[in-house]
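1. The sequence and its predicted three-dimensional model are supplied below.
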Amino acid sequence: MATTPKDPLLTDLRVVFTPHGQADLDLQTDELERVSGRDNLVQALSLRLLTERGELTELSHPRYGSRLRELIGEPLDRANVELLRRYVRKCLLQVPRVAEVVTVRALTTNIPGVVVVQATVRPITGAPISLSLNLDLS
């Protein structure tokens, strides 16, 4: 019997993000939906960025997550936006499926406290992948 080669970008349960910034499993059908490959990597990177570093220590993952929450309530001046960009870059580099972080941009918006983070990473296989997150740091 032939086996199918394992996708190096892996498969996981699909998470849906609500407009209010919450995330939950995709339960629109009787079966749990799955996400694989490039889409799974984007989901994994997004979840890692949205999780506070150390939040999963009790689950034996003390280094999982980002330091973005440290900037909540801080002024979005040039120095803090650059710090946010560096936190994002460092967090993305923690993921073994990421070979390189190509670009990271942090853009302030007209909405006070809201920053758009755009990143492009080169996974261990295939072409670069882009992701974008709106972060409310107010």
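-> Looks like it came in fine.

2. if I look at residue 59, how far off is residue 51?
-> Here the criterion is Cβ to Cβ, to the nearest Å. By it, residue 59 lies 11 Å from residue 51. (Glycine included, C-beta is placed from N, CA and C.)

3. Please identify which of those two sits among more neighbours.
-> The residue with more neighbours, out of residue 59 and residue 51, is residue 51; 18 against 8, by other Cβ atoms under 10 Å.

4. For residue 91, which non-adjacent residue is spatially closest?
-> residue 66 (3.9 Å; Cβ to Cβ, 6 or more residues apart in numbering).

5. Looks like the one you found contacts residue 53 (just checking).
-> Yes - using Cβ atoms under 8 Å, residue 66 is in contact with residue 53, at 5.8 Å.

6. okay, and the common contacts of these two?
-> Common neighbours of residue 66 and residue 53, using Cβ atoms under 8 Å, 6 or more residues apart in numbering, are residue 91.
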